[in-house]
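Colleague: can't give you the sequence, but here's the structure:
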C-alpha cells in the first residue's frame, strides 16, 4: 500500500519542508513547539491575528487578489449581487505540456481531512476506483471531539441518550440558534444516522479499542516518547448529573474524544488503499474539469515538479478541502468582523510548501464550476476567558475562570449583560464593549460554587499564576482590587469615574443577590453569588480565537450534492466537511459539542457512497 501513495516534497511520510528553510516540519513537532494539547489548539502562544488589529499571522495568507490589489477589479469573480470576490473570474489555463500524467478513475476526492478520509474509504468500499489530492504530506486533523447521538456505545461511553422526539427538539433548537439560516434536513439526517457512521468509522481502524481510557490534554514533553496504544475512545470530563441542559450555557453530554485522531484518519486512508484507492499527497487541486455542466475530474499540481496530474472521474468529484480562515482576503470579504475584532487564528496544519491548508481553495473551485456560495458564514468563536491580546505575552485564549457566569463589568465600570449565556453568545457581547474586553469578578469563596466552575475548576495556584501574568488581579478590598486592575501591555485601568461606577455596579449586584432575583438582566438565581469575602479577584477577558474553522461553503443538500445558483444539483459534484454549505450559519452553536467533526465525517461517508453509485 505504501508504494501506492505519491508523497511529494516531503523528507519522510510525516514531514513537510518549511517554506523558508526547507527543513522538515512534522505535525508532532509543530504541536510541541506551539504548546497545543491533544484536545485543543486554543492554548497556543503567539498565534496569529489579522493585519490591522494585531501582528500579521504566520498562519495567514492572502488570496489571488488581496487588499494589495494584485489583480484588477475587472478580472475578479463576481457574486450574484455584483460584488467582487477576492479571486479571479476564470480558472487557470492548464496547457497539455504541463500535464505530467493522466489517470482514469470513478471518483476524485479533493482534500484528505476528516470528511475527505471518510469519503475516500466510503467510495472505495462502494466499488469505485478512487483518487485523492491532498496538498499536505499526510491526512490532516486537529482536535478530536465528535458528537455521538443515540449510539449503541452511548452508555459505555457515559453519554446521554434521547427519545426521537427529544432529539428533534434539540435539533430544532440548534437550527433556531442559527436563525433558521441552515438546512434543517441536513441536521435531521445527521442526528438520526450519524451514530451508525461512527461505528463504521471506528471499525475502519485496526485494533480500535471501544473501551474508554484516560486521555491527556497536554502536549508531549520535548523529546518524550509516548507509549504506543491502540486508537480508541479517550475519557472526557465527567458529566454533572445536576446539570440543566435546557439552559443556554450548558452543552449536552454527547461528545466523545478519540485518543489518537491521526490514527483514525490514517486508518480510513489505509483501508481505502487496500481496496485500490490512490492518494496523491503534496498535490494541489487547482481546477475542476467540467463537461456539459457536469464535473468529470480535477487537475492536481505536483508541488515537487510544478506539473499536473489530470484525474478523469467518470462518476464525480467530492470536495472536502476545508474553509478559508487563513486566507485574509476571503475573511475580509465574508466575515470582516473577525479582522476588526482581532479574533486570532491558531490553525496548526500546513501544506508541503509551508502554507496553511485552510485557504479557501474549494470556494474558487466551486465558483468556477457554477456552484452557489452560502451566505451568512459562521466562525467558531467562543469565549474561554483569555485576555484577547494576540501577542507573545498574551497569546492564549484560556482564562483561569474560563467563561463562568460571574459578574462582568466593562471598562466604564458598568454591568452590561446576563452572564449565564453560552460562551459563543458571550463572544458577541465582548465584541461590542470598550476595548473589546470585560472584567469578571469573584471573591475568595469561588471554591464553594461548583455550579459556576464548569470545566474550569480553578486552584489558588492557577489564580496566582494568572495574577503574575497580568491576566487576573487581586485586592484585599474591592477598592484595592479596582485600583490594581490594569489594561494589557501598560494600558490604563479604571479611571476615577469608572471606578466609582464599578463600585456602584458591584453594590447593586450584591443587592440583587440578596433578593435572589436579577431584576436587571434576568440571570438565573442559582448563579447569583455575592462579592463580599476578600480577597477579591478580577479576570481580564477579551475576544476569543476563532477555533479552527469558519462554517460556510458551497450550497448543498442532505445527499452532499453541490447546488448551482438556482439551487439545482450540479452533476458529479459533491461536498462534505467545511466546504459543505448550509450546515452552520452566523455562529457555531455549541450545545452539541463535536457536531462539526461528526457532520464532516458523516457527510463524507454519504458523499462517498453516492459518488460511487453515481447518484
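Modeller: Nice, I can see it. All values reported here derive from a predicted model rather than from experimental measurement. Residues are numbered from 1 along each chain as shown.
Colleague: and residue 164, how many residues sit next to it?
Modeller: The tally of other residues near residue 164 (other C-beta atoms under 10 Å) stands at 10. Yep, even glycine has a C-beta here, placed from its N, CA and C like the rest.
Colleague: wait, what's in contact with it?
Modeller: residue 192 (C-beta atoms under 8 Å, 6 or more residues apart in numbering).
Colleague: that one and residue 531, how far apart?
Modeller: Here the distance between residue 164 and residue 531 works out to 45 Å (C-beta to C-beta, to the nearest Å).
Colleague: got it, and residue 123?
Modeller: If you measure residue 123 against residue 531 using C-beta to C-beta, the figure is 59 Å.
Colleague: strands of the stretch 501-615 of the chain, residue ranges please.
Modeller: Counting by DSSP state E, counting those that start in this stretch, the stretch 501-615 of the chain forms strands over residues 536-542, 546-551, 561-563, 569-575, given from the N-terminal end onward.
Colleague: which residues touch the third one?
Modeller: Same thing as strand 561-563. Counting contacts by C-beta under 8 Å, 6+ apart, the residues touching strand 561-563 from outside are 319, 366, 369, 371-372, 554-557, 569-570, 573-575, 610.
Colleague: which of those residues has the most neighbours?
Modeller: Within the contacts of strand 561-563, most neighbours by other C-beta under 10 Å means residue 319, with 36 neighbours.
Colleague: show me what contacts it?
Modeller: Shown here is residue 319, whose contacts under the criterion C-beta under 8 Å, 6+ apart are 110-111, 362, 365-366, 554, 562, 573-576, 579-580.
Colleague: cutoff 10 Å now
Modeller: Shown here is residue 319, whose contacts under the criterion C-beta atoms under 10 Å, 6 or more residues apart in numbering are 108-111, 115-116, 119, 285, 288, 295, 298, 361-363, 365-366, 369, 371, 553-554, 556, 560, 562, 573-577, 579-580, 607.
Colleague: residue 130 now?
Modeller: Residue 130 makes contacts with 105-109, 119-124, 272-273, 275-279, 311, 313, 315, 318, 608, 611-612, as judged by C-beta under 10 Å, 6+ apart.
Colleague: one more pass at 8 Å, please.
Modeller: 105, 106, 107, 108, 109, 120, 123, 124, 272, 276, 277, 278.
Colleague: how many neighbours does residue 207 have?
Modeller: Here the number of neighbours of residue 207 (other C-beta under 10 Å) works out to 10.
Colleague: that one reaches residue 231, doesn't it?
Modeller: Yes: using C-beta atoms under 8 Å, residue 207 makes contact with residue 231 at a distance of 7.4 Å.
Colleague: let me know the pLDDT of residue 323.
Modeller: At residue 323 the predicted local distance difference test score is 96.
Colleague: and residue 247, by the same measure?
Modeller: Reading off the model, residue 247 has pLDDT 81.
Colleague: so what's it up against?
Modeller: 420, 524.
Colleague: from residue 527, how far off is it?
Modeller: Taking C-beta to C-beta as the measure, residue 247 and residue 527 are separated by 10 Å.
Colleague: looking at the contacts of residue 319, which are in helices?
Modeller: By the criterion of DSSP state H, membership of those in helices covers 115, 116, 119, 361, 362, 363, 365, 366, 607.
Colleague: count of residues packed around residue 306?
Modeller: Neighbours around residue 306, by other C-beta under 10 Å: 9.
Colleague: distance of it from residue 282?
Modeller: 12 Å.
Colleague: what's the answer for residue 537, then?
Modeller: Using C-beta to C-beta, we find residue 537 at a distance of 50 Å from residue 282.
Colleague: show me the domain layout of the chain.
Modeller: Segmentation of the chain into domains, based on automatic domain parsing, reads 2-65+101-141+263-378+551-613, 407-542.
Colleague: what's the burial count for residue 80?
Modeller: If you count neighbours by other C-beta under 10 Å, residue 80 ends up with 9.
Colleague: what residues does it make contact with?
Modeller: Contacts for residue 80 (C-beta under 8 Å, 6+ apart) come out as 372, 565.
Colleague: distance of residue 401 relative to residue 466?
Modeller: The separation that residue 401 has from residue 466, given C-beta to C-beta, amounts to 9 Å.
Colleague: now the helices for the stretch 301-450 of the chain?
Modeller: Counting by DSSP state H, counting those that start in this stretch, one finds helices in the stretch 301-450 of the chain at the ranges 328-334, 336-340, 361-368, 423-430, 450-453.
Colleague: please name whichever of these is nearest to residue 492.
Modeller: Nearest to residue 492 among the helices of the stretch 301-450 of the chain is helix 423-430; the distance by C-beta to C-beta comes to 18.9 Å.
Colleague: tell me the angle of the closest one relative to strand 536-542?
Modeller: Following axes from the mean of the first three to the mean of the last three C-alpha atoms, to 10 degrees, one obtains 90 degrees for the angle between helix 423-430 and strand 536-542.
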